[in-house]
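J.: For reference, the sequence and a predicted model appear below.
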Amino acid sequence: RCRGRVTRLTQSELGSSSTTLELLSKRLLSREISACDLAELTLRAIADTQPDVNALVACKDRQSILDQAHEADKRLDSKISPCGWLTGIPLAIKDLDDAAGFPTTQGGCPAFGEVADDGNHQDGEFTYFGKLRYKLKTRDAPGAIIIAKTNSPELGMGCHTFNSVHGTTANPADTTLSVGGSSGGIAGAVASGILAGGTGSDMMGSLRNPAGWNGLYSLRPTSGWMGDDGANESEMLLSYPISTIGPIGKSPEDLALILETILPDDSFNALEVIDVSMEDLDSLVGSSSIGWLNDWGGAYPCEEGLLVHCEGALQKFRSKGGASVETLADSPFPNKEMYEAWSDIRSNTILHNIQENLGCSLDEVVPTLESCGAKVEAILECRRGESLEKDEGKHRLAQAVQVAAQWRNRADELFEIYDFLALPSSQCYPFDKTITWPKSIAGAEFAVYHEWMQCMVPVSLLGVPCVTIP
């Protein structure tokens, strides 16, 4: 019953960088390929790559996926049934998010693992951090096939995807190395040819880092555009949440299409991006000015060769597009103040997020995590968050909010000069997947698990949109 139509998609085509979600959608809607053929190839890609890459967790069984593909084909063949652009396309949801019929382990944290209630979650719906429901809008995605959850570090903490329940996700380009994180599962699934694109989330580089390490595009949208992005609004320290979901894929067009589909309103039209002519695009790039923030005036230790690599890619905007690219030699804002302010805001936010998900009081969070064997970084993060609930800590949080405002004012000044600001998407290349996190880069020693990711802080603290370009 799962027969192709005019042509058959090959395994190599599915894994190609040119086989985007947009292309698959066009071929399915035109009936060049069938959803069943696509499902079969996806299942084969899982069998071929999952043992080495380990991108997916909690996969649906083969027959359930094929049954859904068959239903998608019937809808696509029908002249009556509505079809959206994702009809028949396999997708997977990050394991920080609930999806109908799948367990949510919050990245293998022993304190979690309930199956989402099918009565509250329909196919194509998922929630972010247990709070806000995002829907793959019915008009866009009836028949999208959710095949699995994607792996994440425990509680989404860190840019390296590993946990004690689901194991480590490897980089498809070299399976001895890290895929990045925390959206490493979806990045690994796309880079290994299982999926053509999808969604992740980003607090401190969780979309930017894995996209950069796997040759993909990602978008961290403006904070708050997705609603409250799962944050406890009464406990938000800034006027916007510090974390957000966003798209990851093989092309800018796919980012635009996914963004429109997951937004809770109609405030964005992907066609306004996709239909821009090359002439208009060239004109836009050619008239743009880019400020290259480099290593933040020497504040970010970077692995040898990485900045040269980034600068070479950035110069393409100058040589091919005619854009103005200027390197900022000095730090635009004191990094130590910014990183400490961010760390305080982050710890306190994480504490409240976990408290809400556990349904317990603040003083029960750490004992609960300790009793179930949660990873030590999560416990230390929550202890720091707890200390900020006391009088002296509240004063520090107030100072952190002031630093965020000062950085925003400085960033506004920079955006008066430059149309875009550029940063590296990581301070190092993918590292050995068997280590927990880099303890040093370029001679600089790190004592905290996210200290090697400081280049992510300026964007996260501002809440501005950020695209990763491979």
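T.: Looks like it arrived, so ask away.
J.: Show me where the stretch 1-150 of the chain dips below the pLDDT cut-off.
T.: Of all residues in the stretch 1-150 of the chain, those with pLDDT under 70 make up the ranges 1-7, 114-142.
J.: For residue 273, give me its contacts.
T.: Residues near residue 273 by CB atoms under 8 Å, 6 or more residues apart in numbering: 252-253, 256. Where C-beta positions appear, they are placed from N, C-alpha and C, glycine not excepted.
J.: Scan those residues and report the most crowded one.
T.: In terms of neighbour count, residue 256 stands highest of the contacts of residue 273 at 21 neighbours, by other CB atoms under 10 Å.
J.: now what about the strand or helix carrying that residue, what contacts it?
T.: Per DSSP states H and E, residue 256 falls inside helix 252-262. Counting by CB under 8 Å, 6+ apart, helix 252-262 makes contact with 20-22, 85-86, 134-137, 140-141, 196-199, 217-219, 221, 226, 245-249, 268-270, 273-274, 467, all of which sit outside it.
J.: residues touching residue 287, list them.
T.: Residue 287 neighbours (CB under 8 Å, 6+ apart): residue 323.
J.: quick one: it and residue 209, what's the gap?
T.: Computed as CB to CB, to the nearest Å, the residue 287 to residue 209 distance reads 30 Å.
J.: go on, residue 359?
T.: With the distance defined as CB to CB, residue 359 ends up 31 Å from residue 209.
J.: What are the boundaries of the strands in the stretch 351-470 of the chain?
T.: Secondary structure of the stretch 351-470 of the chain by DSSP state E, counting those that start in this stretch: the strands cover 420-422, 440-441, 444-445, 466-468.
J.: so what strands line up beside the second one?
T.: Looking back up the chat, that one is strand 440-441. Strand 440-441 has the following sheet partners, assigned by DSSP bridges: strand 444-445 (antiparallel).
J.: per-residue confidence averaged over the strand it pairs with?
T.: When the per-residue pLDDT values of strand 444-445 are averaged, the result is 98.
J.: Neighbour count for residue 359 and residue 209, which is higher?
T.: In this comparison of residue 359 against residue 209, neighbours counted by other CB under 10 Å, the higher total goes to residue 209 at 32 against 8.
J.: so where's the longest helix in this protein?
T.: Longest helix in the chain, counting residues (DSSP state H): helix 391-417.
J.: That helix packs against which elements?
T.: When contacts are defined as 3 or more CB pairs under 8 Å, 6 or more residues apart in numbering; DSSP states H and E, helix 391-417 packs onto strand 289-292, helix 335-358, strand 420-422, helix 457-462.
J.: Give me whichever of the ones you listed is most buried.
T.: Per-stretch averages of neighbours, counted by mean count of other CB atoms under 10 Å, single out helix 457-462 among the helices and strands packed on helix 391-417, with a mean of 22.
J.: tell me what that one is packed against?
T.: Under the contact criterion of 3+ CB pairs under 8 Å, 6+ apart, the helices and strands touching helix 457-462 comprise helix 335-358, helix 391-417.
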